[in-house]
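# Mind folding the following:
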Amino acid sequence: MNWDKLYEMQSELDGRIKKQHRLEGKDVFDEKVLALLVEVGELANETRCFKFWSTKGPNEQSVILEEFVDGLHFILSLGIEKGYFVQMVKAIETEGNQSITRLFLSVYSQIEEFRQESTMNNYEKLCMKYLELGKFLGFSPEMIEHAYMEKNEVNHERQNQGY
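Sure thing, here's the model as predicted:
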């Protein structure tokens, strides 16, 4: 995955949103964290991994991937806001007995840890944990990068339409 390219694209989108919505100089860190938490929840909802009461299976892989990259947009944006840029992140290897539900909960915990203590180390841990989730969901780095680029275009188009 070309992290430099992803940060560049995200920075362009963030700059556009700041300008269009007159957010220059405003601290939106907490809003971005909350948005990330919501996106992770939407991702979990599409996998249906926690819905023990339902027999309906997960949504299509393409829908799940799109939700995954929605979260990645906010992870990149949070890094940019704090001046943190990872160059190469590898997904942490999931333990054999790890459930997807526990992995989602672990991502939530790492988001909160980064919110509480916004260090580069915690940001890297967040990136690794999120990529671990993506790998567990069956996404390769190439799939993630391609889907990110497509969704970034959609996000720019939404801004064109006053989203």
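# Need the pLDDT of residue 95.
We have a pLDDT of 62 for residue 95.
# Tell me how far the closest residue to residue 50 other than its chain neighbours lies from residue 136.
Take residue 50 and drop its neighbours on the chain: the residue closest to it by CB to CB, 6 or more residues apart in numbering is residue 101, 5.3 Å away. C-beta coordinates here come from the backbone N, C-alpha and C atoms, glycine included. According to CB to CB, to the nearest Å, residue 101 and residue 136 sit 11 Å apart.
# Which one's more surrounded, the two?
Comparing residue 101 with residue 136 by neighbour count (other CB atoms under 10 Å), the higher total belongs to residue 136, at 16 against 13.
# Isn't that one up against residue 103?
Yes. Applying CB atoms under 8 Å, one finds residue 136 in contact with residue 103, separated by 5.7 Å.
# what's the helix or strand for the residue nearest to residue 50?
If you go by DSSP states H and E, residue 101 is part of helix 100-116.
# and the next helix or strand after that helix, what does it pack onto?
Per DSSP H and E, the first helix or strand lying C-terminal to helix 100-116 is helix 120-136. Where contact means 3 or more CB pairs under 8 Å, 6 or more residues apart in numbering; DSSP states H and E, helix 120-136 is packed against helix 61-82, helix 100-116, helix 141-160.
# Distance check, the closest residue in space to residue 148 that isn't next to it in sequence against residue 130.
Distances taken as CB to CB, 6+ apart place residue 69 nearest to residue 148, at 4.6 Å, with adjacent residues excluded. Per CB to CB, residue 69 is found 11 Å from residue 130.
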